[in-house]
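Chemist: okay, here's the prediction I keep looking at, along with the sequence it came from:
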Amino acid sequence: CVCVCVCVFSVPQPVKILFWPLQKLRILEGLSATGLRSVRYAREIPNIKEIVANDLSADAAQLIQRNIDHNQCQDVVKSSCSDVGLLMYQNREPGTHFDVVDLDPYGSPASFLDPAVQSIAEGGLLCVTATDNGVLCGSHFDAAYGKYGSVPVKGHFMHEMALRVLLSCIQSNANRHHRYIVPMLSLSIDFYVRVFVKVFTGKAKVKAAASQASMIYKCPHCLSFHLQPLARKVQKGNSVSYAEVRGPVVSPNCDECGTHYHIGGPIWNGPLHNVEFVKNVFDYLQKNKSNYNTAARMEGMLAMASEELADAPLYYVVNKLCGVLHTLTPNLFAVKSALMSLGYDTSLTHCNADGIKTNAPPSAVWDIIRTWASMSHVRTPEPGSPNEKILAKPVSKTPSFILRDDAYPISQRSGLLRFQTNPQRNWGPQSRAKRQRDGGEDLPSKRERLQGRRKQENKKDDAHYKRFPCKRHQQGLCFYSADECRYNHDQTELKMQSTTKSHSDDSQAAEGSSHQS
């Protein structure tokens, strides 16, 4: 179950809205495996010129062809057995470009991005999936720098961090060829991330790329974060140029708690979605809801994406902030109301059910948490600790926690399914697909069979423990009889075993010396 409903259905609908009926589409599914997604493209998208379903495996290519024949899509879908990077490089000349390139690899897509941004037509749609969330979210930042050219900072905002690191990598690859990207929809779904971007050509826009990338400073204790763009826009009349920024934007120690910052980046600091595009997809989905079994979840995610603040990178998690001070967690919408009472914009995020996006600075966010802590129970901090400094800082402006009607988003008031629970047991990332012999054992059965295997292998029988004396019996503390106790109560028997063993060792030593002589 590598491809869930959202990434399967999100590709055709945006393509229809972007291009149809202006031109016939040429689509590449670079890592097709079974070809079922390409078959769905052929059966669900009008005005298709050609779909290339490619896979490096010869067995997969045969399976793709069988599925094409079975679904009678031979006139549109073509199977291919080739290296996807080479295939895209072969189609990078004008006239051979693909209008849509769909890359859904197992793990990182980084090695496919350079040929992808070259093989796509002007204004074409590039759809990229990354399943290596451990790398993108910051658990392996050294590997992330090697793959994506960025250092993700691990924190409460890690799922949006993964999206912004991936977008930064795609932008960097596009800029090398005088091209740039415009994100249309970027989603963190279950255990992977999926982005849809349009690719354009323009040297002037490429110059603006540095202003769309930022370094990030994150406090590991109080979870405050600041972004530092790599360039700033300078406009004089109709002339636009870009200059170096003055920095850093933070002092060596955190203003809230005095802890040193962690530094990461560069990451994409622009909008994750095109709101108009997302609303068009949402409208199309509502008109064709009966065609999709997972329409409810798609509606919820698209609605939340359209409600997110475009100019507020990353987000805060309220229970994590309250956990710093060991205080009770307030109502999520009470915190939203408090931010709005101070004059700041705020929204929820599709990446985390408890996340809040806001354009408020960290000082304002912590004013709200400090105010809440003063109204509820909070653990007394140790003298000289960062928490003592946080609580000692005065509140500059007191917020109001009175719930506001506009704090509740439309997606919630409409009762949309926003965060779905796991649909079945063992849901999540599986091991890499590999060839199995006939009657191969599935993963759940293998797990059940091997459960506790090491314990069984290391299990000793009763005879093994009877070789050792019972120390509690020697001290007169053993409550078991000689037969019930695992260890030996008979000291005479143990002495005889020890004597027999010593005689055996002496005889073996004597035999060894006689052989040597």
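Modeler: That came through, no problem. Note that this is a predicted model, so its numbers are computed, not measured.

Chemist: rest of the way, CA atoms for contacts and neighbours
Modeler: Noted.

Chemist: give the residue spans of the protein that score low on pLDDT.
Modeler: Scanning the chain for pLDDT under 70 picks out 1-23, 429-440, 455-460, 493-517.

Chemist: if you set the cut-off to 50 instead, what comes out?
Modeler: For the chain, the stretches with pLDDT under 50 are 1-22, 514-517.

Chemist: find the centremost residue of it, please.
Modeler: Asn133 (3.8 Å; Cα atoms, centre = their mean).

Chemist: for it, what are its contacts?
Modeler: For Asn133, the contact set (Cα atoms under 8 Å, 6 or more residues apart in numbering) comprises His159, Ala162, Phe191, Tyr192, Val193.

Chemist: so which residues of the stretch 351-500 of the chain form strands?
Modeler: According to DSSP state E, counting those that start in this stretch, the stretch 351-500 of the chain carries its strands in the segments 352-358.

Chemist: what's the burial count for Asp442?
Modeler: The number of residues packed near Asp442 is 9, by other Cα atoms under 10 Å.

Chemist: that older thread, now intersect the contacts of Asn133 with the strands, please.
Modeler: Tyr192, Val193 (DSSP state E).

Chemist: for the residue nearest to the centre of the chain, give its distance to Gly428.
Modeler: Separation of Asn133 from Gly428 (Cα to Cα, to the nearest Å) stands at 12 Å.

Chemist: same deal with Pro381?
Modeler: Per Cα to Cα, Pro381 is found 39 Å from Gly428.

Chemist: over to Tyr148?
Modeler: Distance of Tyr148 to Gly428, given as Cα to Cα: 24 Å.

Chemist: neighbour-wise, which of these two wins?
Modeler: Taking neighbours as other Cα under 10 Å, Tyr148 and Gly428 compare with Tyr148 leading, 25 against 13.

Chemist: and that one, what is it in contact with?
Modeler: Ala110, Val165, Leu166, Cys169.

Chemist: try it again with 7 Å
Modeler: Neighbour list for Tyr148: Ala110, Cys169 [criterion: Cα atoms under 7 Å, 6 or more residues apart in numbering].

Chemist: phi and psi next, for it.
Modeler: Phi and psi for Tyr148, reported as degrees, to the nearest 10, are phi -110, psi 0.

Chemist: ranges for the helices of the stretch 251-400 of the chain?
Modeler: With helices called from DSSP state H, counting those that start in this stretch, the stretch 251-400 of the chain shows them at 275-287, 295-307, 318-325, 332-341, 362-375, 386-392.

Chemist: count of neighbours near the residue nearest to His262 when sequence neighbours are not counted?
Modeler: Nearest non-adjacent residue to His262, counting by Cα to Cα, 6 or more residues apart in numbering: Lys218, 5.2 Å away. The tally of other residues near Lys218 (other Cα under 10 Å) stands at 21.

Chemist: among the helices of the stretch 251-400 of the chain, which comes closest to Lys446?
Modeler: The closest of the helices of the stretch 251-400 of the chain to Lys446 is helix 295-307. By Cα to Cα, the value is 31.6 Å.

Chemist: helices and strands around the closest one, which ones?
Modeler: helix 275-287, helix 410-413 (3 or more Cα pairs under 7 Å, 6 or more residues apart in numbering; DSSP states H and E).

Chemist: please compute how far the shortest one lies from its chain's middle.
Modeler: In terms of Cα atoms, centre = their mean, to the nearest Å, the centre of helix 410-413 is found 25 Å from the chain centre.

Chemist: give the buried residues for that helix.
Modeler: Ser411 (16 or more other Cα atoms under 10 Å).

Chemist: what is it packed up against?
Modeler: Using 3+ Cα pairs under 7 Å, 6+ apart as the contact test, the elements touching helix 410-413 are helix 295-307.

Chemist: quick check: angle from the helix it packs on to helix 275-287?
Modeler: 160 degrees (axes from the mean of the first three to the mean of the last three Cα atoms, to 10 degrees).

Chemist: how near is the nearest residue to Val199 once chain neighbours are set aside to His159?
Modeler: For Val199, ignoring the flanking residues on the chain, the nearest one in space by Cα to Cα, 6+ apart is Ile181 at 4.6 Å. Ile181 sits 21 Å away from His159, going by Cα to Cα.

Chemist: next: Val250.
Modeler: Remark: distance between Val250 and His159 (Cα to Cα) = 24 Å.

Chemist: higher neighbour count, the two?
Modeler: Taking other Cα under 10 Å, Val250 and His159 do not tie; His159 has more neighbours (27 against 14).

Chemist: now do the helix or strand that contains Val234: which elements does it pack against?
Modeler: Using DSSP states H and E, Val234 maps to strand 232-236. Applying 3+ Cα pairs under 7 Å, 6+ apart, one finds that strand 232-236 contacts strand 239-243.

Chemist: the strand it packs on packs against which elements?
Modeler: Strand 239-243 packs on strand 232-236, going by 3+ Cα pairs under 7 Å, 6+ apart.

Chemist: from Leu477, how far off is the nearest residue to Val324 once chain neighbours are set aside?
Modeler: Counting by Cα to Cα, 6+ apart, the nearest residue to Val324 once its immediate chain neighbours are dropped is Cys222, at 6.3 Å. In this view, Cys222 and Leu477 are 53 Å apart by Cα to Cα.

Chemist: and if you look at Thr329?
Modeler: Here the distance between Thr329 and Leu477 works out to 51 Å (Cα to Cα).

Chemist: so which of these two has more stuff around it?
Modeler: Taking other Cα under 10 Å, Thr329 and Leu477 do not tie; Thr329 has more neighbours (17 against 10).

Chemist: where does the residue nearest to Val199 sit: helix, strand or coil?
Modeler: strand (DSSP: H, G, I helix; E, B strand; the rest coil).

Chemist: what segments of the stretch 401-517 of the chain are helices?
Modeler: Per DSSP H, counting those that start in this stretch, the stretch 401-517 of the chain carries helices over the ranges 410-413, 443-450, 453-457, 462-465, 471-474, 491-516.
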